[in-house]
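1. Next input, structure requested:
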Amino acid sequence: MVITIDGPAGAGKTTAARALARALGFRHLDTGAMYRAVTLVALERGLDMADGPALARLAASMDLRLEATGGPDRVLADGRDVSEAIRTPRVNEAVARVATLPELRTRLAEMQRAFARGKDVVAEGRDMGTVVFPEAGLKIYLDADEGERARRRGLELSGRAGVRDGDLARVRLELARRDRTDRGRAVAPLASATDAVRVDSTHMGIDAMVAELVRIARTRIP
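-> Modelled structure (predicted):
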């Protein structure tokens, strides 16, 4: 069975998908990590970040793996652990543009379907239920208001208990820019599948959000 979780940046997709997969005994597929890994290697090699065919060839040549650890998955690129390196500001800035390239999206969608083949998977991203897994047994669209998403992303990036007002304003602007890019791209734009269950996590803590997703999933699992 495939469960998809789509939604904008900062909505809590990765936290929710990881916890839901653990609760159900499913594998977790973090598709954003795949885009980030390709972006990181492309930056390191000095590739043109607008060259879709070149980045698609790069993805095809990479040994890209997601390894379950009981916590956050390890992301391996050609045997190198890049789990931390793919979360740097440099990669954050570049990945939104890279993710609009249709050739790369096509290649990574093939890799994502191969990852899920024969497994029970919770797949998170922005086009999981609409493009990559349109026949998924359960589709969830996870959202939160912009202010809350900015607060969460700020905490993720800072690693601190609080975020300064200036930092929060900058993060909010970056999120708004990413939303426009994701929703406006010509190929596989961010959208809720027509048959998705919409969950607003704005006023939910992590435990409450995960409990709600588990409840929804239990109604669909054979």
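2. how deep is residue 40 tucked in, by neighbour count?
-> Neighbourhood size, residue 40 [other Cβ atoms under 10 Å]: 22. (C-beta placed from N, C-alpha, C; glycine too.)
3. Residue 26 versus that one, what's the distance?
-> 27 Å (Cβ to Cβ, to the nearest Å).
4. Likewise for residue 194?
-> Distance, residue 194 to residue 26, using Cβ to Cβ: 24 Å.
5. Name the residue in those two with the higher neighbour count.
-> For residue 194 versus residue 26, the count of surrounding residues by other Cβ under 10 Å is larger for residue 26: 21 against 8.
6. Next, residue 50: secondary structure please.
-> Using DSSP: H, G, I helix; E, B strand; the rest coil, the structure places residue 50 in coil.
7. May I have the residues that are in contact with it?
-> By Cβ atoms under 8 Å, 6 or more residues apart in numbering, residue 50 lies in contact with 97, 101.
8. now the helices: where do they sit in this protein?
-> 13-24, 31-45, 52-61, 89-98, 102-116, 146-158, 165-184, 206-218 (DSSP state H).
9. how about the CA coordinates for the first one, as PDB?
-> Taking only C-alpha atoms (Å, rounded to 0.1, in the frame of the first residue of the first chain), the coordinates of helix 13-24 have been written out as PDB:
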ATOM      1  CA  LYS A  13       5.300  16.600   6.000                       C
ATOM      2  CA  THR A  14       8.600  15.000   6.900                       C
ATOM      3  CA  THR A  15       7.900  14.800  10.600                       C
ATOM      4  CA  ALA A  16       4.400  13.500   9.900                       C
ATOM      5  CA  ALA A  17       5.400  11.000   7.200                       C
ATOM      6  CA  ARG A  18       8.300   9.600   9.300                       C
ATOM      7  CA  ALA A  19       6.100   9.100  12.400                       C
ATOM      8  CA  LEU A  20       3.200   7.700  10.400                       C
ATOM      9  CA  ALA A  21       5.400   5.200   8.600                       C
ATOM     10  CA  ARG A  22       6.900   4.100  12.000                       C
ATOM     11  CA  ALA A  23       3.400   3.700  13.500                       C
ATOM     12  CA  LEU A  24       2.200   1.600  10.600                       C
END
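10. What is the neighbour count of residue 68?
-> For residue 68, using other Cβ under 10 Å, the count is 13.
11. shouldn't it be in contact with residue 28?
-> Yes. Using Cβ atoms under 8 Å, residue 68 is in contact with residue 28, at 6.8 Å.
12. so how many other residues sit close to residue 119?
-> 11.
13. Give me the nearest residue to it, chain neighbours excluded.
-> residue 27 (5.2 Å; Cβ to Cβ, 6 or more residues apart in numbering).
14. do the same with residue 77
-> residue 37 (4.8 Å).
15. show me what contacts the one you found?
-> 62, 64, 75, 77, 82, 86.
16. Quick check: the gap between the fifth one and residue 186.
-> Read it as residue 82. 29 Å.
17. more crowded one of those two?
-> Per other Cβ under 10 Å, whichever of residue 82 and residue 186 has more neighbours is residue 82, with 20 against 7.
18. per-residue confidence for that one?
-> Note on residue 82: pLDDT of 97.
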